[in-house]
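In: Make a model of this:
(one chain, ligands or ions: 2)
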Amino acid sequence: METRRVGDQHKRQEQYKYCFQALTPNAYQTLFSHSRFRRLHSSHNPTVKELGSGEWCLQKRDSFRNDSFSGNGNVPEIGCLSIIVLGASGDLAKKKTFPALFHLYCQGFLPPDEVHIFGYARTKISDDELRNRIRGYLVSERSASPSEDVSKFLQLIKYVSGSYDAAEGFQLLDKEIAKHEISKNSQEGSSRRLFYLALPPSVYPPVCRMIRNNCMNKSDLGGWTRIIVEKPFGKDLGSAEELSSQIGELFDEPQIYRIDHYLGKELVQNLLVLRFANRFFLPLWNRDNIDNIQVSILLLQMFENHEVLWGREDFGTEGRGGYFDEYGIIRDIIQNHLLQVLCLVAMEKPVSLKPEHIRDEKVKVLQSVLPIKDEEVVLGQYEGYRDDPTVPDHSNTPTFATVILHIHNERWEGVPFILKAGKALNSRKAEIRVQFKDVPGDIFKSKKQGRNEFVIRLQPSEAMYMKLTVKQPGLEMSTRQSELDLSYRQRYQGVTIPEAYERLILDTIRGDQQHFVRRDELKAAWEIFTPLLHRIDDGEMKPIPYQPGSRGPAEADELLAKAGYVQTHGYIWIPPTL
Ligand SMILES: NC(=O)C1=CN([C@@H]2O[C@H](COP(=O)(O)OP(=O)(O)OC[C@H]3O[C@@H](n4cnc5c(N)ncnc54)[C@H](OP(=O)(O)O)[C@@H]3O)[C@@H](O)[C@H]2O)C=CC1
Ligand SMILES: O=C1O[C@H](COP(=O)(O)O)[C@@H](O)[C@H](O)[C@H]1O
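Out: Numbers count the residues shown, from 1 in each chain. Ligands and ions are numbered 1, 2, ... in the order given. Below is the predicted model of the structure:
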């Protein structure tokens with residue numbers, strides 16, 4: 001288990017506290033973008049804090065602590081930090097893990113005097129070869145001198161080659177990490193080791209065992225060893241539980257960070273604030289006022305040879321057709337990303353912001369979901385999917401699904417939660433759409449135009465907008481649909497929204513598990529979908545073909561209408577331009 005030094009925390013906080021009065025956040029950003037200033041102050045990770053009466057203070061931000069939610073019991077740690085990316089030769093590492101680390105580095109969260117990064121995989125390449133593989137993916141809007149930052153960041157990376165199931169490679173890795181720790185004069189027992197498993201889950205058990213046997217850190221002086229594991233966590237309830245037990249025998253739950261990158265998205269993180277810090281929503285957020293809720297992730301992606309046709313996306317397609325066919329859209333997106341978002345939309349107010357309190361409430365939602373009915377599922381497979389060379393000719397794998405869930409509790413009885421995800425569709429967006437009931441005794445007959453909707457656009461063009469009926473400006477008393485719009489790009493100009501992976505890796509370093517999936521959450525999530533998945537795997541339920549570049553099968557829209565969703569015809573929300 002982890003131990004921490006509280007005395008050092010105070011000393012360290014005091015050491016770096018300093019103020020620049022009358023400095024606005026924008027002025028600070030500009031100042032910080034000058035490399036000389038950054039050189040002077042980056043190791044202090046300063047942040048801007050409002051003092052009140054229009055004054056702003058620049059103060060030390062501890063790189064390993066989330067000060068705003070100190071209620072979760074975190075205590076900052078000091079000393080040397082080693083981040084080890086296992087599967088460093090792979091797709092995720094190149095496209096997401098290393099770029100996220102680079103962003104953190106550019107913002108001063110990974111001070112070079114404390115941090116070292118190791119890549120580990122079987123592929124025999126040199127340090128420089130690994131650096132060259134990832135160099136092109138290191139782009140940061142926050143870097144004032146990008147090429148200088150890229151070079152410095154790459155120098156922090158060392159590569160170790162070895163297998164995933166033999167001690168030799170991990171002993172070598174341990175030696176390299178220890179060398180780094182000694183070079184930083186890190187006291188034994190105070191160093192921190194973060195292992196990011198950017199690997200296929202099939203190798204998680206041997207890799208965890210190797211880490212446990214060969215690379216653990218002493219924790220008696222506040223040091224720790226943590227692991228981040230990627231999805232998919234299993235293929236169904238049985239395999240997920242088996243994987244959980246295997247990892248659980250080697251690591252305690254507080255050391256395991258099961259990542260779901262949707263939990264790191266800005267507007268997903270905003271859900272708790274939105275729901276529980278605003279009086280507006282408290283009395284409305286229930287079955288008395290809400291008719292139905294949709295959560296959707298729509299993608300343009302197709303696989304391999306179709307990519308060019310439909311516009312290649314920056315993440316998740318390349319060479320993943322084989323992976324995808326084994327899993328399908330429900331395992332790839334619905335059982336994890338959509339269900340996690342649903343939990344945050346539907347859960348009760350947690351006792352506090354402590355990770356365990358939040359996760360307790362999420363588990364309750366999952367445990368209250370009723371069994372899925374066949375007639376409330378529409379599966380689709382886009383035409384041409386099976387032409388992909390990595391996909392079997394008779395694949396029954398859905399590339400699209402709409403599934404209706406019902407939550408059996410006092411707040412949500414009777415409100416359908418419509419989860420929808422698909423690939424090769426006509427648009428790319430992720431959103432939460434809360435549709436309210438019709439106005440009782442409507443004297444304007446406005447229900448023919450549309451219902452009130454509260455939409456949270458997760459991506460692209462992050463926004464929240466409230467669709468409502470207003471008087472058409474002019475002499476006549478007629479109504480029209482309009483919106484109250486909080487578009488982030490317009491409202492928060494110049495603010496860079498962090499990447500999900502960046503935020504979640506930082507949370508792991510800080511020891512904050514709020515945005516990670518707990519073992520019992522995972523189990524409850526698989527319990528919901530396993531019966532349906534087995535029926536699909538056994539060929540008892542078949543996907544309906546749909547045209548690539550369409551909305552998916554027409555039957556999905558019919559299911560939506562049956563569930564009570566009323567489409568507003570002729571209204572389209574257009575993200576405001578600057
Ligand atoms: N890429 C993506 O878009 C996303 C990936 N993920 C998840 O992240 C993890 C890593 O994904 P990704 O980087 O795409 O995976 P890759 O297939 O690129 O694998 C990563 C590395 O693991 C090693 N590896 C691959 N297959 C095996 C195998 N059968 N046995 C042992 N080692 C193997 C290879 O390294 P070497 O041979 O050099 O050892 C490879 O470079 C997976 O769990 C994936 O599901 C999650 C979301 C998105
Ligand atoms: O986990 C996954 O998510 C991506 C979609 O993520 P986004 O952040 O780009 O919305 C998806 O394309 C991929 O198939 C899936 O594995």
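In: for whatever residue of the stretch 451-578 of the chain ends up closest to ligand 1, helix, strand, or coil?
Out: Using Cβ to the nearest ligand atom, the closest approach of the stretch 451-578 of the chain to ligand 1 is made by Tyr501 at 9.7 Å. C-beta here means a position set from N, CA and C on the backbone, and glycine is covered the same way. Of the three states, Tyr501 takes helix under DSSP: H, G, I helix; E, B strand; the rest coil.
In: likewise Asp332?
Out: Classification of Asp332 using three-state DSSP returns helix.
In: Quick check: chain neighbours aside, which residue is closest to it?
Out: Excluding its sequence neighbours, the residue lying closest to Asp332 (Cβ to Cβ, 6 or more residues apart in numbering) is Phe324, at 6.3 Å.
In: and stretch 208-225, how far apart are its ends?
Out: 11 Å (Cα to Cα, to the nearest Å).
In: Next: stretch 370-383.
Out: In stretch 370-383, first residue to last residue: 32 Å (Cα to Cα).
In: re the thing from before, report pLDDT for the residue nearest to Asp332.
Out: For Phe324, the pLDDT comes out at 91.
In: again with Glu431
Out: Glu431 is given a pLDDT of 98.
In: Go ahead and confirm it touches Pro460.
Out: No - counting by Cβ atoms under 8 Å, Glu431 does not reach Pro460; the two are 10.4 Å apart.
In: Of those two, give the one with the bigger neighbour count.
Out: Higher neighbour count among Glu431 and Pro460: Glu431, with 19 against 12, using other Cβ atoms under 10 Å.
In: got the contact list for the lengthiest helix in the chain?
Out: For the chain, the helix with the greatest residue count under DSSP state H is helix 519-537. The contact list for helix 519-537 (Cβ atoms under 8 Å, 6 or more residues apart in numbering) reads 233-238, 240-241, 244, 248, 253, 256, 258, 328, 330-331, 334-336, 339, 343, 359, 362-363, 366-367, 369, 371-372, 374, 377, 379, 396, 398, 403, 405, 517, 541.
In: before we move on, what about stretch 179-190?
Out: 5, 77-80, 82, 113-114, 116, 158, 191, 217-223.
In: That stretch: how far from the chain's middle?
Out: Averaging C-alpha positions (Cα atoms, centre = their mean, to the nearest Å) puts stretch 179-190 32 Å from its chain's average.
In: for stretch 199-213, same thing?
Out: Stretch 199-213 sits 23 Å away from the centroid of its parent chain (Cα atoms, centre = their mean).
In: Assign the closest residue to ligand 2 within the stretch 351-500 of the chain to helix, strand or coil.
Out: Going by Cβ to the nearest ligand atom, ligand 2 is nearest to Ala430 of the stretch 351-500 of the chain, at 5.6 Å. On the three-state scheme (three-state DSSP), Ala430 is labelled strand.
In: hmm, which of the contacts of stretch 179-190 are the buried ones?
Out: Listed as buried from those are 5, 77-80, 82, 114, 116, 158, 191, 217, 219, 221-223; burial here means 16 or more other Cβ atoms under 10 Å.
In: Which ones among the residues you listed lie within strands?
Out: Among the buried ones among the contacts of stretch 179-190, the ones falling in strands (DSSP state E) are 82, 116, 158.
In: Among the residues you listed, which one sits closest to ligand 1?
Out: Nearest to ligand 1, judged by Cβ to the nearest ligand atom, of these is Lys158 at 15.6 Å.
In: do you know how far that closest one is from ligand 2?
Out: Between Lys158 and ligand 2 the computed distance is 29 Å (Cβ to the nearest ligand atom, to the nearest Å).
In: Verify the stated contact: that residue with Ile177.
Out: No - between Lys158 and Ile177 there is no contact under Cβ under 8 Å: 9.3 Å.
In: Going by distance to Gln481, which of the buried ones among the contacts of stretch 179-190 wins?
Out: Comparing those against Gln481 with Cβ to Cβ places Glu77 closest, at 52.2 Å.
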